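*Asks:* With the sequence up front, the predicted model follows.
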Amino acid sequence: MADTATAPATGPGHPAPVAEATGITKRFGATVALRDARISVAAGESHALVGRNGAGKSTLVSVLTGLQRPDTGSLRFSGAPAPALGDIDAWRSRVACVYQHSTVIGDLTVAENLFLNRQSAGPLRRIRWKQLRVRAEELLGEYGVEVDPAARAKDLTVEQRQFVEIARALSFGARFIILDEPTAKLDARGIGRLFDKLRDLQEQGVAFLFISHHLQEVYDLCSTVTVYRDAAHVLTAPVAELGHQALVEAMTGESASVTPVAEGRAPAVTADSAELLTIDALTLPGACEELSLSVRSGEVVGLAGSAASGNVQVGEAVAGLHRARGGRISAGGRTVRTGSVPSALAAGVGLVPEDRHLQGLVNDRSVAENATLTVTDQLGPFGTVLPSRTKVFAQRMIRDLDIKTPGAATPVSALSGGNQQKVVVARALATDPHVLVAIRPTNGVDVKSKEFLLGRIRQVADSGKAALIVSDELDDLKVCDRVVVMFHGRVVAEFPRGWKDEDVVAAIEGVAAPGTASPASGTDKHGR
Ligand SMILES: Nc1ncnc2c1ncn2[C@@H]1O[C@H](COP(=O)(O)OP(=O)(O)OP(=O)(O)O)[C@@H](O)[C@H]1O
């Protein structure tokens, strides 16, 4: 496909691009992460960068922010060559990145985070805390960020932390901000507020490079899109000129055929199907009150809700992660002792956790070891683990789940984010669970792989098991036979297949009862 966005002229009235990278190549051992790649972001532009998992997006970000030196290529900011690699202040004044994983320090206050390493006027001058707080208040006020400067960063929401990071970046003078999957941990309202803030800032001349696997967000927010595929630049085009299908085709290199997995399927579940997961009057302090829910053999049930609904905690409780104050959970006919992971495992519960970094992966261990952590008992006799068996097991998973890795022995830390997520899913599936609980299973996964992972979860149910998908992503919920919606710790609605997006979204937002739904916005988490 041809490049339809030509490089803007520079000169009077045409400022140089805030960032321009050309001929960037970056290798990690045998892996070529970027091959002669390029990008050009104009001043005040909202530019999207999209591509499949492992396409090279995060590597480009690390080059653009001075964290990695490219093997070849040149990088300029507003027409001037990039600073020397270690000159942190110079980099900060040109570019900042807001990551999905916060870089603020939890135990410090917002004010301290904002002025970290620049609290005093010089190395020997005392830090004036009161003044610091006042300056922080001014800075936050300037960018319309409503956060208490005295609050500990760890007590902020994801959204507030991102705003603090954006304010910090702007205070260093940067007029170019990279947002690497910023919406991954936000619910619908949070995304709306983030986008409002970004639009405000854009009007003030700030440029953005926006990375997301939610293509609708690209259409909502950006004017230009660049697509990378297999480490290389494929196209740059005005968003308005590129339809959804063309965009997916550019990302995958194949003609797009998006077939929601559950569509057109006859329901396999009947009233006689065995109840494999039973949650009975479960009360989890601060999360849910007397909540009851069941999933039958052959069934995929969606447990939807916003961040404060308690749905994630319910899913985690099934996997033994939270102690209940009341009620009962049973899986495959066995009682799960709440708060006991071994008890949940023994009952045949598999979990895809919400946060792969905190609960999922051992970073410096190989793909093979991570994928088989839950099944070491099957890998050798008498408690031993045979490396050959681990390898065979892992290779099957790599193939089955289409994990992009140089090999089974590669440490998971060398994989791209989406491919790490696939390892987490692989691990949950490895135990062949009776009940699979998958919390936001497609987080950070590209469009094509998303279809694939959801298809695998569907297969688990089709083989007579039960699956509970805990998510507020409509794409995740579309594979479900039934969607149960929670709001503030209670079930408020249930939808059989064939639901309308706006009805589920309205129930998630708590704005309407099912059937009478008249959603305020009519759009879902991703503006569909
Ligand atoms: N530190 C590293 N060591 C080895 N390989 C790496 C390293 N960082 C990235 N890679 C490899 O480079 C390639 C590009 O990875 P990158 O993280 O840039 O992809 P991405 O487009 O950001 O993917 P995702 O959408 O999954 O986040 C991948 O094959 C990845 O495994």
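*Replies:* Perfect, I can see it now. Numbering: from 1, shown residues only.
*Asks:* Any idea which helix or strand in the protein has the lowest mean pLDDT?
*Replies:* helix 387-400 (a mean of 79; mean pLDDT, DSSP states H and E).
*Asks:* Which neighbouring elements make contact with that one?
*Replies:* Packing partners of helix 387-400 (3 or more Cβ pairs under 8 Å, 6 or more residues apart in numbering; DSSP states H and E): helix 367-372, helix 417-430. The way it works is simple: take the backbone N, C-alpha and C, and place the C-beta from them, glycine included.
*Asks:* Which among those is found nearest to the ligand?
*Replies:* Nearest of the helices and strands packed on helix 387-400 to the ligand, taken as Cβ to the nearest ligand atom: helix 417-430 at 3.1 Å.
*Asks:* and that closest one with the ligand, contact?
*Replies:* Yes: applying Cβ under 6 Å from any ligand atom, one finds helix 417-430 in contact with the ligand at 417-419.
*Asks:* Same question for stretch 174-183.
*Replies:* No: using Cβ under 6 Å from any ligand atom, we find that stretch 174-183 stays clear of the ligand, coming within 7.4 Å at best.
*Asks:* What's the mean pLDDT across that stretch?
*Replies:* Taken as a whole, stretch 174-183 has a mean pLDDT of 90.
*Asks:* Just the terminal-to-terminal distance for it.
*Replies:* 21 Å (Cα to Cα, to the nearest Å).
*Asks:* go on, stretch 146-163?
*Replies:* 9 Å.
*Asks:* do stretch 480-500 as well
*Replies:* For stretch 480-500, the end-to-end distance is 13 Å (Cα to Cα).
*Asks:* What residues of that stretch count as buried?
*Replies:* 480-487, 489, 491-493, 495, 499 (16 or more other Cβ atoms under 10 Å).
*Asks:* can these go into a markdown table with extra columns for secondary structure and pLDDT?
*Replies:* As requested, those are exported to a markdown table (DSSP: H, G, I helix; E, B strand; the rest coil; pLDDT from 0 to 100):
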| residue | secondary structure | pLDDT |
| --- | --- | --- |
| 480 | coil | 96 |
| 481 | coil | 95 |
| 482 | strand | 96 |
| 483 | strand | 97 |
| 484 | strand | 97 |
| 485 | strand | 97 |
| 486 | strand | 96 |
| 487 | strand | 94 |
| 489 | coil | 95 |
| 491 | strand | 96 |
| 492 | strand | 95 |
| 493 | strand | 95 |
| 495 | strand | 96 |
| 499 | coil | 93 |
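*Asks:* How many neighbouring residues does the residue nearest to residue 19 when sequence neighbours are not counted have?
*Replies:* Spatial nearest neighbour of residue 19, chain neighbours left out: residue 41 (4.7 Å); criterion: Cβ to Cβ, 6 or more residues apart in numbering. Neighbour count for residue 41, taken as other Cβ atoms under 10 Å: 24.
*Asks:* Make sure residue 41 is actually in contact with residue 47.
*Replies:* Yes: with contacts counted by Cβ atoms under 8 Å, residue 41 reaches residue 47, the gap being 4.7 Å.
*Asks:* Overlap of the contact sets of the two?
*Replies:* Jointly contacting residue 41 and residue 47 under the rule Cβ atoms under 8 Å, 6 or more residues apart in numbering are 207-209.
*Asks:* all strands for the stretch 251-400 of the chain, in order.
*Replies:* Using DSSP state E, counting those that start in this stretch, the strands of the stretch 251-400 of the chain run over 275-284, 288-296, 300-304, 326-331, 334-335, 349-352.
*Asks:* With respect to the ligand, which of these lies nearest?
*Replies:* Of all these, strand 349-352 comes closest under Cβ to the nearest ligand atom, at 16.2 Å.
*Asks:* of all the residues in this structure, which ones are close to the ligand?
*Replies:* So the chain meets the ligand at 28, 31, 33, 51, 53-59, 404, 414-419, 446 (Cβ under 6 Å from any ligand atom).
*Asks:* Measure how buried residue 297 is and give me the count.
*Replies:* Neighbourhood size, residue 297 [other Cβ under 10 Å]: 21.
*Asks:* That one: what's it in contact with?
*Replies:* Counting by Cβ under 8 Å, 6+ apart, residue 297 touches 269, 273-276, 464-466.
*Asks:* between the helices and strands packed on helix 387-400, which has the poorest average model confidence?
*Replies:* helix 367-372 (a mean of 82).
*Asks:* which strands and helices sit next to that helix?
*Replies:* Looks like helix 367-372 contacts helix 387-400, helix 417-430 (3+ Cβ pairs under 8 Å, 6+ apart).
*Asks:* Name the member of the shared contacts of residue 41 and residue 47 with the most neighbours.
*Replies:* Counting by other Cβ under 10 Å, top hit in the shared contacts of residue 41 and residue 47: residue 209 with 27 neighbours.
*Asks:* so it bridges to which residues?
*Replies:* Counting by DSSP bridges, residue 209 is bridged to residue 47, residue 178.
*Asks:* ok, it touching residue 41?
*Replies:* Yes: using Cβ under 8 Å, residue 209 is in contact with residue 41, at 5.6 Å.
*Asks:* still on that earlier bit, buried ones in the least confident helix or strand of the chain, by neighbour count?
*Replies:* 390-391, 393-394, 397-398.
*Asks:* would you turn the contacts of residue 297 into TSV with pLDDT?
*Replies:* TSV is the format used below for these (pLDDT from 0 to 100):
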residue	pLDDT
269	71
273	83
274	90
275	93
276	95
464	94
465	95
466	96
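*Asks:* which one among those residues gets closest to residue 133?
*Replies:* Nearest to residue 133, judged by Cβ to Cβ, of the contacts of residue 297 is residue 466 at 52.3 Å.
*Asks:* Give me the number of neighbouring residues for that closest one.
*Replies:* Using other Cβ under 10 Å, residue 466 is surrounded by 29 other residues.
*Asks:* chain center to the least confident helix or strand of the chain: distance?
*Replies:* 26 Å (Cα atoms, centre = their mean, to the nearest Å).
*Asks:* Next, the angle from that helix to helix 417-430.
*Replies:* 120 degrees (axes from the mean of the first three to the mean of the last three Cα atoms, to 10 degrees).
*Asks:* would you put the C-alpha positions of helix 387-400 in PDB?
*Replies:* This file holds the C-alpha atoms of helix 387-400, laid out as PDB (Å, rounded to 0.1, in the frame of the first residue of the first chain):
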ATOM      1  CA  PRO A 387      13.900 -30.600  30.500                       C
ATOM      2  CA  SER A 388      13.100 -32.500  27.300                       C
ATOM      3  CA  ARG A 389       9.400 -32.900  28.300                       C
ATOM      4  CA  THR A 390       9.200 -29.200  29.300                       C
ATOM      5  CA  LYS A 391      10.500 -28.300  25.900                       C
ATOM      6  CA  VAL A 392       8.100 -30.400  24.000                       C
ATOM      7  CA  PHE A 393       5.200 -29.200  26.100                       C
ATOM      8  CA  ALA A 394       6.200 -25.600  25.600                       C
ATOM      9  CA  GLN A 395       6.800 -25.900  21.900                       C
ATOM     10  CA  ARG A 396       3.300 -27.200  21.500                       C
ATOM     11  CA  MET A 397       2.000 -24.200  23.300                       C
ATOM     12  CA  ILE A 398       4.100 -21.800  21.300                       C
ATOM     13  CA  ARG A 399       2.600 -23.300  18.200                       C
ATOM     14  CA  ASP A 400      -1.000 -23.500  19.500                       C
END
